[in-house]
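>>> need the 3D shape of this:
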Amino acid sequence: MVENLPMISDVRFEQSPQRLKIVLPVRRNWPLFAIYTILELTWFVMLIGGLVFLARIAFSGERYALVFVVMLLVLLLILFRFGRFLSRQWATYATNREILFINREELIVRRPISIWGNTDVYGMEHVTPFYLSDKPRALAFDYGYRHIYVGEALSPEARAGLRQFLNSTYFPGQDEDE
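I've put the predicted structure just below:
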């Protein structure tokens, strides 16, 4: 349990016995949000059109129908898997907040959009201390070879304060230059 939670503008802290919850605002990237929305709608229309076409071919009575149905099922499966990836990207750009859940064992980054959203879980034994990134201007940590960015919408002072709080609480004894 953290004794004294800091007062940082635009950051909301909630503490439970299991973990600390940190809610950060997100600045929406409107051009990418628009592109992914158009792609998501196009994907949906293609999937529905493919299923209708599959049903028409399956019940057409032609002798090639079975082979064509199998080919269409494979293509629709590929399209469905692509849609799962596309929906994850759309949810990333559609969200209006990021939530960090942190305790001694794991760090969870959640970007919720309604009941959907992206949740990434990182084991704390592989998470590096937080640092300030220049491009993009965000708070960041490394997980293996991946750079994870959070808090891009925060002011530089808020990012620095949150970094100092998280590093002193969850990475004590780590040198600030590391």
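>>> what number of residues lie near the residue lying closest to residue 129 once chain neighbours are set aside?
Distances taken as Cβ to Cβ, 6 or more residues apart in numbering place residue 171 nearest to residue 129, at 4.2 Å, with adjacent residues excluded. Any C-beta I mention is one placed from the backbone N, CA and C, and that applies to glycine too. Using other Cβ atoms under 10 Å, residue 171 has 17 neighbouring residues.
>>> could you say which helix or strand holds the residue positioned nearest the centre of the chain?
Centroid-nearest residue in the chain, with Cα atoms, centre = their mean: residue 118, separated by 3.9 Å. Applying DSSP states H and E as the criterion places residue 118 in strand 116-123.
>>> list the helices and strands the lowest-mean-pLDDT helix or strand in the chain packs on?
Lowest by mean pLDDT, DSSP states H and E among the helices and strands of the chain is strand 116-123, with a mean of 85. Packing contacts for strand 116-123, counted by 3 or more Cβ pairs under 8 Å, 6 or more residues apart in numbering; DSSP states H and E, involve helix 65-94, strand 106-113.
>>> list the contacts of the last one.
Identification of contacts with strand 106-113 by Cβ atoms under 8 Å, 6 or more residues apart in numbering yields 26, 91-92, 94-95, 97-102, 117-124, 127, 141, 148, 150.
>>> hang on, the earlier thing: and the next helix or strand after the least confident helix or strand of the chain, what other elements does it pack with?
Next helix or strand after strand 116-123 toward the C-terminus (DSSP H and E): strand 131-133. Contacting strand 131-133 under the criterion 3+ Cβ pairs under 8 Å, 6+ apart are the following elements: strand 138-143, helix 156-170.
>>> what lines up beside strand 131-133 in the sheet?
Strand 131-133 pairs in its sheet with strand 138-143 (antiparallel), by DSSP bridges.
>>> centre of the chain versus the strand it pairs with, how much separation?
Between the centre of strand 138-143 and the centre of its chain there are 14 Å (Cα atoms, centre = their mean, to the nearest Å).
>>> stretch 133-153 now?
On Cα atoms, centre = their mean, the centre of stretch 133-153 falls 13 Å from the chain's centre.
>>> list the buried residues in it.
Within stretch 133-153, the residues scored as buried using 16 or more other Cβ atoms under 10 Å are 133, 137, 138, 139, 140, 141, 148, 150, 151, 152, 153.
>>> so what's the residue nearest to the centre of the chain closest to, chain neighbours aside?
Distances taken as Cβ to Cβ, 6+ apart place residue 111 nearest to residue 118, at 4.7 Å, with adjacent residues excluded.
>>> how many residues are close by the one you found?
22.
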